[in-house]
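> Fold the following.
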Amino acid sequence: MHVIERSQVVPGDLEDVFAFFEDPYNLERITPPWLGFSIKSTSDSRVREGTEIVYSLRWHVFPMTWRSRIAEYEPGVLFADEMLQGPYRHWYHRHLFREVTDGVELTDVVEYQLPLGPLGRAAHGLVVRRQLEGIFDHRRIAAERIFADRAARVRS
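Numbering: from 1, shown residues only. As a prediction, this is how the structure comes out:
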């Protein structure tokens, strides 16, 4: 099993920041364009326990469908999406939120495992880990920009 953990602090209050991430369509705003990511359907307009979301994306030239379900949900604290269908053998992504002095600390913890045994492990070391790091780097920058812009509008 592999794990990626990332934390950052964004300006804003907990209620507003959590509300942004509760909207499934905002995932498109923080995902790198090179993934060709698009939400195809969602069972709820706001995530809650049991919400199912279907996305399409592109890995290099290969189109993929990804279906996930919100497995955990605690308003203002966390939610977790679990892959039901997609490219990984296992994918469980916890989104944690905590009010701090300078805003809201966002923490992503992803546990994942690739299929294909030794081939999957080799692909992870050669390509997949680096691409996932790039996706989360992009998310960090996008979230910083979005919440800094929101904070500037509030101040003016």
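> Skipping its backbone neighbours, what lies nearest Ser7 in space?
Thr107 (4.4 Å; C-beta to C-beta, 6 or more residues apart in numbering). Where you see a C-beta, it was placed from the backbone N, CA and C, and this is true even at glycine.
> From what I see, that neighbour and Val100 are in contact.
No. Using C-beta atoms under 8 Å as the test, Thr107 is too far from Val100 to be in contact (11.0 Å).
> ok, the two, which is more surrounded?
Between Thr107 and Val100, Thr107 has the larger neighbour count (other C-beta atoms under 10 Å), namely 14 against 10.
> quick one, what contacts the more buried one?
Thr107 makes contacts with 5-7, 94-98, as judged by C-beta atoms under 8 Å, 6 or more residues apart in numbering.
> From those residues, which land in strands?
Counting by DSSP state E, the contacts of Thr107 place 5-7, 94-98 in strands.
> Arg150 - that's part of a strand, no?
No. Going by DSSP: H, G, I helix; E, B strand; the rest coil, the assignment for Arg150 is helix, not a strand.
> quick one: it and Asp23, what's the gap?
Distance of Arg150 to Asp23, given as C-beta to C-beta, to the nearest Å: 14 Å.
> Same check on Asp13?
Distance from Asp13 to Asp23, counting by C-beta to C-beta: 16 Å.
> Check Glu111 too.
24 Å.
> Thanks a lot, catch you later.
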